[in-house]
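Enquirer: Next one to model:
(2 chains)
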Amino acid sequence: MGNWGPPLRIARRTTRRALGRTLLVAALIGVPVMAASWIQVIDGATNPDGEALAGTVIGPADARLDVSPYKAFAPITNPPSLQGGDQPPATGAEDPVRDPATFDPRPLLPPGTQLARQLVEAGTVEIRGPQVNSSARVTTGDGQSPLTKGTYRLDSGRFPAKADEVAVTPSLAKYLGILDGDQVRAGSALVTTADQRFTVVGIARTWNEPNTRMLFAVPDAPLVKADPRTYARYLADLPSGADPAQLVEQLNSQGVTVLPRANIVNPPPDPYGGGGGQDAGGVAVVALVIGFGILEIVLLAGTAFAVGARRQTRELGLVTAAGGTPRDVRRIVLAQGLFAGIVGAGGGIALSLVVAFAGKSLWERMTATLFVSWQIPWLNLAVIALLGLLAGLAAAVIPAISAGRQAPLSALAGRFAVTAGKARIRRPALLLLAGGLVCAILGSGLIAAAFEEAKRTHTDQSYAATVTPTGPIALVLLGITSVVAALIWLLPGLIAKTAALAGVMPLSARLALRDAARHRHRTGPAAAAIMMAVAATAAMSFAIANMVAADAKGYRPNARHGDAVLNFATGDPNWPSYSESTVERTAGLLPTRHTWELGSVSLSTAKATYGYLPSLMTVAPPTTDGAYNNSLVVVDPAYIARFEGFGPKAAAELRAGKILVPQADQLKDGTAAVTEDSDPEGRKPFRHPAAFVGTPPDVGPLWMAALISKSAAEKLGNVAVFEAQYELTREPNKEELNAVVRLLGREEALTVERGYQSPARAWLIGLLSTAAVVTLLGVAISVSLSAAEGRADLATLAAIGAPPRRRRNLAAAQAWVLGQLGCVLGVGVGALYGYTAHAAFGSPHFAVPWREIVGIIVVVPLIAGLLAWVLTRSRLPMVSRID
Amino acid sequence: MTTTILDIRNLTRVHGSGEQAVHALRGVDLSVGSGELVAVMGPSGSGKSTLLTCAGGLDQPSGGEVIVDGNDLTTLSRNAVAALRRRRIGYVFQDFNLIPALTAAENVSLPLELDGMRARAARKYAEAALGEVAIPELADRFPDDMSGGQRQRVAIARAIVGERRLLLADEPTGALDSDTGEAVLQLLRDRCDQHGIAGVLVTHDARHAAWADRVVYLRDGVLVGQSGPLPEADVLLETH
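Expert: Take a look at the predicted model:
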């Protein structure tokens, strides 16, 4: 075991003496620790568990009751929990026997039980806005009861007490324009489209959806017509001594479910075994990401330690001269890692708490989530801190071993010997690299094959969900890890080999290359750290590019590019309904060339069920996924004629009165079978003249649809227009679109087809910026340390007449060399990941994000060089001969 | 009767190999007994410092034997040599060589603490050693806050702390003014006289060599001669 006292003392004091370097290493460890801890604190505060969760779900109540319309439920098989599904009615009790809203459960409960209606969503209501109408969700309950306290957040005012009062969410209040600062302006009212008027008495929010346009009302407010099948939910405060767990069975037999508070605070085990390591691939990926993140920290901090140990060479030599063993020397360097880890981890945790507390309001505003309680996950934070500490120690391991190996005399002379053998490209590392590549490519092939197989046997897009190639994923992860390990192993040798190019370089680049090779103990880990940072960004760029490619491939336009679509068939009673006048007036507001109407056709004898009139479909032969008939869409032949290739032939057949079937095998003797959608009476299909001219265009309502002209359709039954499409002469301007919104009363009713829109790139740019910062940080660390180490060389250069700018040029060249090497290798690793994963993303081909890649390979090293040039002092500082 | 503390036999040290080989020492023999202070003189590159580093186990000889207090350093492991340096050998360098992160007392007690002694007990020894070199009041001062002479005294205190048998001093006065240098040499002499320590002093200054019992001369790695004690230092000072 030996004596740790002197090493710890020397390390502690050296840590203080070299404060800049210590803080740099501490920051390298502390920033990721802070980020990880902050995420944990935010998660704990926004997704509480235990008592805090119970408080948000049932306030201070003892239990939650759900009164059903059924007389009794089937016997309970699993203990009640928040995640539990609906209980099925008991055999013979399947028919509703009561209206839960009016049923009083008190007689079923122990005497003295207090009840309150919980705040639950009851439906939506159309409200009048300053310009256009909008819908808002309605939540009703006894908000003024002490039992519901804590289940919502009241920002200002009060909860409604009467049927003509409402509280609204901040977003709804903002929409209505009734806010005066954070308060509701006195006398503000909310008016529904049915001209009901409600006084707004407060601003409140639910925990889950604080930014939704929502209003809160008492249960009997005349806002939403209650569905008699909807359960009524109560919060119950039981008299002392009553155990809600004992009421579960008894009330279950009365058609009332009970969720005791204890089952929220300490949830019973999931009977389906959820979260039990089913997604091994996901866990492996997360572990890989965390592992690579720690490795990056270790490499960056390791660079700083390597230089620190080198600068301490003489001091460590003195320890040896005083009788210290190599173990003592190793302990001194390791203890410095320990201290840096303690400062970094401790500081990171403390900062994360400060940032979380101080940034609460900003976070809530930006993310639309609320802090429910300050539930600090101390255990998780302790694990993160421990990882940070271990990262600090791990960063010091290699420098410590190197320092321990120094010969006492060399150390005393301040010479840090580097063995020539380290410059070799090691064969085992090459084998590891090759093996890793083989594993990754093989695993990728197996994943792609699994997805191809799933695609072959499934006709819809859900095939991806059926594929779980855990083995190939593990193979890919093993391959990538091996490649990264091999590259880190190879890097010092690679840097040394790169120095062979120095001879043909200009002076600064030549010096930079040779300096990098000479100090490869430091430039190796620095370039590796840059490689890791860049690999993460490049991998992300590849992943996003392939996801976007998959999305773009699966995108189906609603109309021809540039056309506008007015949809009528949303099923929303408050949506604009079809009328010729609506279609015409909309056309008048837009730069319209032609208007086309698309519709469905129903038999004149069709009967509406639940407000839905069955339309006609052509019968398709069954596939492996089952039988899917094709909708019969009524179109104007002139509209279809616009689609090149398919259009002219199709238009001719449509004009001939035929149905165009989407699949050739639907055609038999020049006819196709037509039936009613979900025919309740099981009538037999009838046949109609048909033709097949090809697969219909991959455009919204036409995709895999059978087509019929309006005149032919009207012979079959009634045509209902579900959509109008406008061929425009140009892109409509904002004023024209606003005029349509005012006409239709809904912002979303009209859309203009602009093709596939790539998702917002803001977060991608953010990611790239973060990676660029990490990359530049890595370069800056290495270059600044290198500059400090190379002071003697620079002094020699100055002595023989090199101008001051040479120092800047040298620093810039060093930054560029390291950045370039790290970026190229990092992009290689990222591309390997992107290639192996592109099949899993459903991408039709291996999409390469050229812009990002070029940015990383060219721009990042140049920026690194430029920064180094700008930030390097051109004058040499005076140094004392003896420290 | 004096006991041989340092016994160097046929010591050779070659740097490099083949045509580029540099022979720093070529078959040097030297014995130093307890209480004896031997000065090693010679021109630059003669092998003085190499002789000292081999004697202190800081460098590995290419041939021959280096026996310190009965232990042949050439046959010992690195850890065993380190243990000898902690317990038996004290080293004083020209440029003080104190660890800047440690106070004077901590620098002095370092070999003892590295040897497993508790910090408090080691500090008592350190304070005693600092007392012997007449700077007890500097115990808690860091090297950066001391003068050159004070630092060298601390270095000597570190070299004599505990039960040292061999004191190796490589140009210990090189960075000091002459008065301070004389005081430092007086300390070394006293230590040898009063505690029976064997001392080897590398110097190129005859006045400093005059403090020794014996002077050996090195040239091109070969011991070319030795003399008895030179005239007393004060005599030398008066005559020069």
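Enquirer: helix/strand/coil for the closest residue to chain B within the stretch 551-700 of chain A?
Expert: The nearest approach of the stretch 551-700 of chain A to chain B comes at A:Asp551, 58.7 Å away (Cβ to the nearest Cβ). Where C-beta positions appear, they are placed from N, C-alpha and C, glycine not excepted. Classification of A:Asp551 using DSSP: H, G, I helix; E, B strand; the rest coil returns helix.
Enquirer: ok, for residue 22, nearest residue in space, not its chain neighbours?
Expert: Going with chain A. Using Cβ to Cβ, 6 or more residues apart in numbering or on different chains and skipping the chain neighbours, the partner closest in space to A:Thr22 is A:Thr15 (4.7 Å).
Enquirer: You answered for a different chain; I wanted chain B.
Expert: Per Cβ to Cβ, 6+ apart, closest to B:Val22 is B:His15, 4.4 Å.
Enquirer: A:Arg331 too?
Expert: A:Pro7 (3.6 Å).
Enquirer: same thing with A:Ala509?
Expert: A:Ala813 (4.7 Å).
Enquirer: What number of neighbouring residues does B:Asp140 come out with?
Expert: Neighbours of B:Asp140 under the rule other Cβ atoms under 10 Å in any protein chain shown: 10.
Enquirer: Distance check, it against B:Thr103.
Expert: 5 Å (Cβ to Cβ, to the nearest Å).
Enquirer: one step back: that's a helix at the residue nearest to A:Arg331, yeah?
Expert: Yes. A:Pro7: assigned to a helix according to three-state DSSP.
Enquirer: ok, now which ones touch the residue nearest to A:Ala509?
Expert: A:Ser508, A:Ala509, A:Leu511, A:Ala512, A:Leu513, A:Gly865 (Cβ atoms under 8 Å, 6 or more residues apart in numbering or on different chains).
Enquirer: ok, 6 Å please
Expert: Shown in contact with A:Ala813 (Cβ atoms under 6 Å, 6 or more residues apart in numbering or on different chains): A:Ser508, A:Ala509, A:Ala512.
Enquirer: what does A:Leu433 give?
Expert: By Cβ under 6 Å, 6+ apart, the neighbours of A:Leu433 are A:Val483, A:Ala486.
Enquirer: For it, pull up the helix or strand it's in.
Expert: Following DSSP states H and E, one finds A:Leu433 within helix A:427-457.
Enquirer: Model confidence at A:His594, what's the number?
Expert: Note for A:His594: predicted pLDDT of 91.
Enquirer: ok, now A:Gly347?
Expert: At A:Gly347, pLDDT is 91.
Enquirer: That one: what secondary structure?
Expert: Once three-state DSSP is applied, A:Gly347 turns out helix.
Enquirer: Name the secondary structure element that contains the residue nearest to it when sequence neighbours are not counted.
Expert: Excluding the flanking residues, the one nearest A:Gly347 by Cβ to Cβ, 6+ apart is A:Gly30, at 4.6 Å. Applying DSSP H and E as the criterion places A:Gly30 in helix A:19-46.
Enquirer: which residues sit against the helix or strand following that helix?
Expert: Toward the C-terminus, helix A:19-46 is succeeded by helix A:50-58 as the next helix or strand (DSSP H and E). For helix A:50-58, contacts defined as Cβ under 6 Å, 6+ apart pick out A:Arg64, A:Gly150, A:Trp207, A:Leu235, A:Arg261, A:Ile264, A:Val265, A:Val372, A:Ser373, A:Gln375.
Enquirer: Quick one: residues contacting the residue of chain A at minimum distance from chain B.
Expert: Here the residue of chain A nearest chain B is A:Gly323; by Cβ to the nearest Cβ that distance is 2.8 Å. By Cβ under 6 Å, 6+ apart, the contact set of A:Gly323 is B:Ala82, B:Arg85, B:Arg86, B:Pro111, B:Leu114.
Enquirer: From the residues you listed, which one has the minimum pLDDT?
Expert: Among the contacts of A:Gly323, B:Leu114 has the weakest pLDDT, 81.
Enquirer: sorry, back to before: list just the nearest of the contacts of A:Gly323 to chain A.
Expert: B:Arg86 (2.8 Å).
Enquirer: and the closest residue to A:Ala690 other than its chain neighbours, how far is that from A:Leu707?
Expert: For A:Ala690, ignoring the flanking residues on the chain, the nearest one in space by Cβ to Cβ, 6+ apart is A:Ala672 at 3.6 Å. A:Ala672 sits 11 Å away from A:Leu707, going by Cβ to Cβ.
Enquirer: more crowded one of those two?
Expert: Higher neighbour count among A:Ala672 and A:Leu707: A:Leu707, with 32 against 27, using other Cβ under 10 Å.
Enquirer: Wasn't the more buried one part of a strand?
Expert: Yes. The assignment for A:Leu707 (three-state DSSP) places it in a strand.
Enquirer: Which residues does it form beta bridges with?
Expert: A:Leu707 has these beta-bridge partners by DSSP bridges: A:Val633, A:Leu660.
Enquirer: mind checking the SS state of the nearest residue to A:Pro146 once chain neighbours are set aside?
Expert: Nearest non-adjacent residue to A:Pro146, counting by Cβ to Cβ, 6+ apart: A:Pro60, 7.0 Å away. Under the three-state scheme (three-state DSSP), A:Pro60 adopts coil.
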